[in-house]
Each structure stands twice: as structure tokens, then as C-alpha cells.
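**Student:** here's my sequence, what's the structure:
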Amino acid sequence: MTTYIGTATNDTFIDDGAPTSNYGTFVYWLVGHYTTDSRKRRSLIKFDISSIPAGAVISGGTLAVTFQADNAGVGGTICAYRQLKNWVSGTATWNKYDASNNWTTAGGFDAADCEQSESGSATFTASETLNTVKNIPISTSKISEWVSSGTANYGFLLKTTVENNNLYQYHSTEATTAGYRPTLTITYTEPSSSGYTLILNT
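**Tutor:** The predicted structure is shown next:
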């Protein structure tokens, strides 16, 4: 088993209460709904997996995020959905996926913007422990399609299944402490080799 560290890529969050604002340089990202300001947030995250060879057999995938602050009144489930639009972390907003182009529906979750079946999900409590890792298992078949089937890799949109009183805040790729940044771990095998584990840091 060999471990690879991938190249950092992109993440940001989008906010329906500030639909033209971009948060690509923030040291955290947000997912869910905050009752104090009645705003919904969703996050976008992308990894460079181009070092995995086409034809590799994917046996495992895990998105790991580190909890930064507690803003949730109730527990909930965060789902990761493969994005269909080539969003840009430095310009994406609730209204637009890059500097010029609107989402089909603001918020990036229209069927033309994002897959409607999740690639992975995990349950979160209302009182997660600060600076601890939460793992979201990712479908191996979804990763395989990126690697070997020509499906474009535009990363994931993260949202809660019920966007109500469950705002979660996590360290982003800009986090000062490198160990707090999100990672995607992919385990795979290729012909005439033993197993490989690829760990990608955003």
C-alpha cells in the first residue's frame, strides 16, 4: 500500500443571503441554515485526481473535513453531490458559478447544475467537537467515472438534506493549520500492482 499526497485545488461556500458575494479566500466554509440570520449556505469543493491512472480499480473514497465552529441547533445530514458546472472558487456565488455565468437555478442545486443523487453522506450532531475530523464516505463508482469514464471532475456541492437550524462550519483549504484542511482519500489498484492510497489536500 502506497500513499500519495495530491495537489491542492479549490473550495468555497455560497450564501443565499449574500447572493453576489464570493468567499473563496475564507479560512472556513459553511453548510446548512442558520436561524439567527435565516440564510442557507452550501459549499463547493474540488480535488485534482488526475494522477490516478485510467483503468484503476477504485476500492475506497473518503472526504474528510475538520469541524471549526458550532452554529447548529439540531443535528443533520450533509450530502456530497457531484457538480456539473465548472465553478471557479474565486468568483462563484449563490447566483453565478463563475464570473460570467449564472447557475441554472441560484444555489447550484438544479438538475442541470448538480447531480440529484448524492455521492456520499454523513450524519452530524448539533454539538460536534472542535477541530475533530468527520468522514464522508464517497461512492467508489462515482470516483471511477471521473477516473476512467471521461466524466468531467467539477468536484462536489455539499448541502444539508434539510436546510433548517443546522449550520456547520469547517476549516477550508485556506486554513492556517495544514492538518485541518479538507482531504479526499482514494484507495485503488492497477494492473500488476498492489494497492495504492491517494490522499488529496484541498
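**Student:** now the host helix or strand of K142: buried residues?
**Tutor:** Assigned by DSSP states H and E, K142 falls within helix 140-148. Within helix 140-148, the residues scored as buried using 16 or more other C-beta atoms under 10 Å are T140, K142, I143, S144, E145, W146, V147. No exception for glycine: its C-beta is placed from N, CA and C like everyone else's.
**Student:** can you point me to the longest strand in the chain?
**Tutor:** Identified as the longest strand of the chain according to DSSP state E is strand 57-72.
**Student:** next, format the buried residues of helix 140-148 as TSV and append distance to V65.
**Tutor:** As requested, these are exported to TSV (distance: C-beta to C-beta, whole Å):
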residue	distance to V65
T140	19
K142	18
I143	17
S144	22
E145	23
W146	20
V147	22
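**Student:** which among those gets closest to G107?
**Tutor:** K142 (21.3 Å; C-beta to C-beta).
**Student:** would you mind measuring from the most centrally placed residue in the chain to V147?
**Tutor:** Nearest residue to the geometric centre of the chain (C-alpha atoms, centre = their mean): I45, 3.8 Å. Distance of I45 to V147, computed by C-beta to C-beta, to the nearest Å: 18 Å.
**Student:** again, but for L84
**Tutor:** Taking C-beta to C-beta, one finds L84 at 17 Å from V147.
**Student:** same deal with E128?
**Tutor:** E128 is 31 Å from V147, by C-beta to C-beta.
**Student:** about what we covered before: so for the longest strand of the chain, what gets flagged as buried?
**Tutor:** I58, G61, T62, L63, V65, T66, F67, Q68, N71, A72.
**Student:** and stretch 116-134, by the same measure?
**Tutor:** E118, S119, G120, S121, F124, E128, V133, K134.
**Student:** excluding chain neighbours, give the residue nearest to the second one in space.
**Tutor:** Put plainly, it is S119. K142 (4.3 Å; C-beta to C-beta, 6 or more residues apart in numbering).
**Student:** what's the answer for the third one, then?
**Tutor:** If you skip the residues right next to it in sequence, G120 has I138 as its closest partner in space, 4.1 Å away by C-beta to C-beta, 6+ apart.
**Student:** isn't that neighbour up against G61?
**Tutor:** Yes: counting by C-beta atoms under 8 Å, G61 is a contact partner of I138 at 3.7 Å.
**Student:** overlap in contacts, the two.
**Tutor:** Residues touching both I138 and G61 (C-beta atoms under 8 Å, 6 or more residues apart in numbering): G120, L184.
**Student:** tell me who's in contact with the residue nearest to the centre of the chain.
**Tutor:** Contacts of I45 by C-beta under 8 Å, 6+ apart are N10, D11, W29, L63, G155, F156, L158, P182, T202.
**Student:** is the first one in contact with S43, as I believe?
**Tutor:** Which is N10. No: contact status for N10 versus S43: not in contact, 11.0 Å apart, counting by C-beta under 8 Å.
**Student:** more crowded one of those two?
**Tutor:** Between N10 and S43, counting by other C-beta atoms under 10 Å, S43 is the more crowded of the two (26 against 19).
**Student:** CA atoms only for the host helix or strand of the more buried one, dumped as PDB, please.
**Tutor:** Taking DSSP H and E as the criterion, S43 maps to strand 39-46. What follows is strand 39-46, C-alpha atoms only, in PDB (Å, rounded to 0.1, in the frame of the first residue of the first chain):
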ATOM      1  CA  ARG A  39     -29.700  32.200   5.500                       C
ATOM      2  CA  LYS A  40     -28.800  29.000   3.700                       C
ATOM      3  CA  ARG A  41     -25.200  28.100   2.800                       C
ATOM      4  CA  ARG A  42     -23.800  25.400   0.600                       C
ATOM      5  CA  SER A  43     -20.100  24.500  -0.100                       C
ATOM      6  CA  LEU A  44     -18.200  23.700  -3.200                       C
ATOM      7  CA  ILE A  45     -15.000  21.600  -3.100                       C
ATOM      8  CA  LYS A  46     -12.800  20.200  -5.800                       C
END
